[in-house]
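# coords please:
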Amino acid sequence: MKLRKSRPESSQGAQSKASLQRFGDPLHQNHYIAGYQLPNGRQLAVERCAEGFYLWSESCHDKVPDAFRSAHRRHYGVDRPRNADLNGKTAPRLKKDRPADYWCFDTLGDLERFAGWYASF
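Take a look at the predicted model:
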């Protein structure tokens, strides 16, 4: 039986994770996802192995300011499959039975500004 090799954490994933440390240690993390509980009760999760600045949030696509409308976003309804690593302890408010948004930001600064807004609304 061959073991599947896991991808290493990308430099963008490491930067994203370090940036979200301002909200404290991850709620839970595994090799692929690090989930964070924000002071306002919402959750975010960063993709640690992706080549880019990828972030999961609770559904907020209809509330985001114009500054974030140019970010690449994919909405996941309650029945749409998503990264299985979001289930369980990693980010329970982002799991399959809840709507979520998956964001790709062009820069770390864009991700940081979004996280700051998301933590305050």
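# tell me what the top helix by length along the chain is packed against?
Secondary structure of the chain per DSSP state H: the longest helix is helix 108-120. Counting contacts by 3 or more C-beta pairs under 8 Å, 6 or more residues apart in numbering; DSSP states H and E, helix 108-120 packs against helix 11-20, strand 53-58, strand 100-105. Yep, even glycine has a C-beta here, placed from its N, CA and C like the rest.
# Downstream of the worst-scoring helix or strand of the chain on mean pLDDT, the next helix or strand is which one?
Taking mean pLDDT, DSSP states H and E as the measure, strand 28-29 is the helix or strand of the chain with the lowest mean score, a mean of 90. Downstream of strand 28-29, the first helix or strand assigned by DSSP states H and E is strand 33-37.
# Follow the chain on from that following strand and name the next helix or strand.
That would be, after strand 33-37 and using DSSP H and E, strand 43-47.
# Pairing partners for that next one, with directions?
strand 33-37 (antiparallel), strand 53-58 (antiparallel) (DSSP bridges).
# Could you dump these into a markdown table and include mean pLDDT?
Shown next, in a markdown table, are the strands paired with strand 43-47 (pLDDT from 0 to 100):
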| stretch | mean pLDDT |
| --- | --- |
| strand 33-37 | 94 |
| strand 53-58 | 96 |
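# Turn those into a markdown table, columns for mean neighbour count.
Shown next, in a markdown table, are these (neighbours: other C-beta atoms under 10 Å):
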| stretch | mean neighbour count |
| --- | --- |
| strand 33-37 | 23 |
| strand 53-58 | 23 |
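# low-confidence ranges in this structure?
1-5 (pLDDT under 70).
# on that earlier part again, and the strands paired with strand 43-47 as TSV, adding distance to T107?
As requested, the strands paired with strand 43-47 are exported to TSV (distance: least, C-beta to C-beta, whole Å):
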stretch	distance to T107
strand 33-37	19
strand 53-58	7
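# Which residues does stretch 10-17 contact?
9, 26, 34, 46-55, 108, 111 (C-beta atoms under 8 Å, 6 or more residues apart in numbering).
# Can you turn the buried part of those into a PyMOL selection?
Entered in PyMOL, the line below selects the buried ones among those, by 16 or more other C-beta atoms under 10 Å:
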select buried, resi 9+26+34+46+47+48+49+50+53+54+55+111
